[in-house]
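Student: Generate a structure from the sequence data that follows.
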Amino acid sequence: MKRKSFMKVLTSFVLAIGLIFLVNQLIAQALENSRREGPLRYEDFIYDASVKTPLLFATGAVVSNDVLQPPVLDLNQGGTMRLEFDWLGKDQPQFRAKILHCNANWQPSALNDVEFLPDFNEFPIYDVKVAQGTKVGYAHFWLDLPRVKVSGNYVLVVYKGRRESDVVFTRRFMAFDQKVTVGGRVSFAQDIPRRNTHQQVDFALKYGNYPILNPKQDVYIVIRQNYRWDRTVVGLKPYMVQEFDRTLEYRFFNNENLFPGSNEFRVFDIRSRQVKGINVARLDFNPNFNAAFLFPDDGQAGKSYLQQNDLDGLFAISTRDDFGDPDYFPVTFTLRSSEREDGKVPYVVGGFNFFELSKDNQMHYEPSAQAYQATILLKQGVYNYMYAVPEGNKANEVPIEGMHSMTQNTYEIFVYHRSPGSRADQLIGYQVIHN
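Tutor: The predicted model follows:
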């Protein structure tokens, strides 16, 4: 009996030492400044691993300070965009930001800075607060961006000091000037073999008195599912042009407007340091960090659809503790599965990592647990996530999560137009629809 008790204590001690080593590796990796290599990427991307939780959302408008809203600004309403991010470690570097205007394809436009900004295109980030009451040290930075003057796509570039080449992260945002009316609906796919797995987005665009000389060529459409840039349909041409009614019909019969229905997102809640939230199996308390272990997950491919509320892949930073700022937890994910025969290692993906496939969210196989596992450093809050395997350079969740035409998804429709003589694409319409 004493030997069994001793072995149990020894096993717990070894596991605790292993976890501490793993977390120290995660934090050390995050504190290493990874320099940007190659050209600037006009997308949501973190170049320096010390940056955590970069948020960008509209403020002061009808929907104010809502971090669950996509970074889309209505130029006909008040407000602007707010940037927030954390920098891990004890130092507090100086940061600056600049804004780049892009065309519909997210390549730089020909506009000069003075054409889309009221100020000089260099914005020091002075507002900073050192986190209090946390075990993982960080500084929280924020900046209210100047209000842009023209519609279109934008990339926010944040860099250290005055060295514009020392970029730490980039974030996309859009500003629209509603000149057209968009109405649409989401339905089951008309293609019979895909009726139970895919969704179809049909819509119409009314342009009224807005001058569009050649609707089939001058209008550029982007449809995005669940705020994911890796899940878009672009460049659709109108099926029908009703010149008398000034209406463009976008209905298709060759699957151009189909999206995989996917599945509802999984969710976990780490808002409390003391109480286990949704899907949290265990909380470990250590001198240097608190760790969360989620309940083991199983693959859902081939199983029946189960409706549940989710955030369509987004996340919300928050704490229920009555002391200190939100802390960072190493969160351990477990996917029960035999080792995949196709060699495709699963990843943990969601809005918190832009659905990117990187070594930070890549899982590894644990034969003793007969499962894939990954530990990711995340700030306190509520998160949506999925498991996905690589398909090219994109995340494909279907082999693990399955797909259903009944899944509740959010779709955004972006309408771009370049007027005659203009040197940039304008975002003249934006609409959100749900099924």
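
Student: average pLDDT across the helix or strand harbouring residue 185?
Tutor: Residue 185 is part of strand 181-188, with elements assigned from DSSP states H and E. Strand 181-188 carries an average pLDDT of 96.

Student: I'd like to check what contacts it. Which residues are they?
Tutor: With C-beta atoms under 8 Å, 6 or more residues apart in numbering as the test, strand 181-188 has contacts from 195-196, 198-208, 250, 405, 409, 411, 413, 415, 429-431, 433-435. Yep, even glycine has a C-beta here, placed from its N, CA and C like the rest.

Student: what pairs with that strand, and is each one parallel or antiparallel?
Tutor: If you go by DSSP bridges, strand 181-188 pairs up with strand 198-206 (antiparallel).

Student: Let me know the next secondary structure element after the strand it pairs with.
Tutor: The C-terminal neighbour of strand 198-206 among helices and strands, as given by DSSP H and E, is helix 215-218.

Student: ok, and for that next one, which residues are buried?
Tutor: Applying a neighbour-count criterion of 16 or more other C-beta atoms under 10 Å, one finds residue 215 buried in helix 215-218.

Student: How far off centre is it?
Tutor: Averaging C-alpha positions (C-alpha atoms, centre = their mean, to the nearest Å) puts helix 215-218 31 Å from its chain's average.

Student: just checking, next helix/strand downstream of it?
Tutor: Per DSSP H and E, the first helix or strand lying C-terminal to helix 215-218 is strand 219-225.

Student: That next one - contacts with which helices or strands?
Tutor: Contacts defined by 3 or more C-beta pairs under 8 Å, 6 or more residues apart in numbering; DSSP states H and E place strand 219-225 against strand 232-234, strand 410-417.

Student: So what sits opposite the nearest residue to residue 138 once chain neighbours are set aside in the bridge?
Tutor: Closest residue to residue 138 apart from its sequence neighbours, by C-beta to C-beta, 6 or more residues apart in numbering: residue 86 at 4.5 Å. As for beta bridges, residue 86 partners with residue 52, residue 140 under DSSP bridges.

Student: Might one say that residue 86 is in contact with residue 136?
Tutor: No: assessed by C-beta atoms under 8 Å, residue 86 is found out of contact with residue 136, at 9.6 Å.

Student: quick one on the thing from earlier: tell me the angle the strand holding residue 185 makes with strand 219-225.
Tutor: Taking axes from the mean of the first three to the mean of the last three C-alpha atoms, to 10 degrees, one finds strand 181-188 and strand 219-225 inclined to each other by 40 degrees.

Student: So for strand 181-188, what gets flagged as buried?
Tutor: For strand 181-188, the neighbour count (16+ other C-beta under 10 Å) marks 182, 184, 186, 188 as buried.

Student: separation between the residue nearest to residue 138 and residue 309?
Tutor: Distance of residue 86 to residue 309, given as C-beta to C-beta, to the nearest Å: 28 Å.

Student: Looking at these two, which is more packed in?
Tutor: Regarding residue 86 and residue 309, a neighbour count based on other C-beta atoms under 10 Å identifies residue 86 as having more, with 21 against 8.

Student: Nearest the geometric middle of the chain, what residue?
Tutor: Centrality entry for the chain: nearest residue to the mean C-alpha point is residue 351, 2.9 Å, by C-alpha atoms, centre = their mean.

Student: Pull the number of nearby residues for the nearest residue to residue 150 once chain neighbours are set aside.
Tutor: Of all residues not flanking residue 150 in the chain, residue 116 sits nearest, at 4.7 Å (C-beta to C-beta, 6+ apart). Neighbourhood size, residue 116 [other C-beta under 10 Å]: 20.

Student: likewise residue 194?
Tutor: A total of 18 residues lie near residue 194 under the criterion other C-beta under 10 Å.

Student: try residue 211
Tutor: Neighbour tally, residue 211, other C-beta under 10 Å: 10.

Student: residue contacts, it?
Tutor: Applying C-beta under 8 Å, 6+ apart, we find residue 211 in contact with residue 419.

Student: Relative to residue 334, how far out is it?
Tutor: 57 Å.

Student: if I look at the closest residue to residue 136 other than its chain neighbours, how far off is residue 149?
Tutor: Sequence neighbours aside, residue 328 is the residue nearest to residue 136 in space, at 4.0 Å (criterion: C-beta to C-beta, 6+ apart). Between residue 328 and residue 149 the computed distance is 38 Å (C-beta to C-beta).
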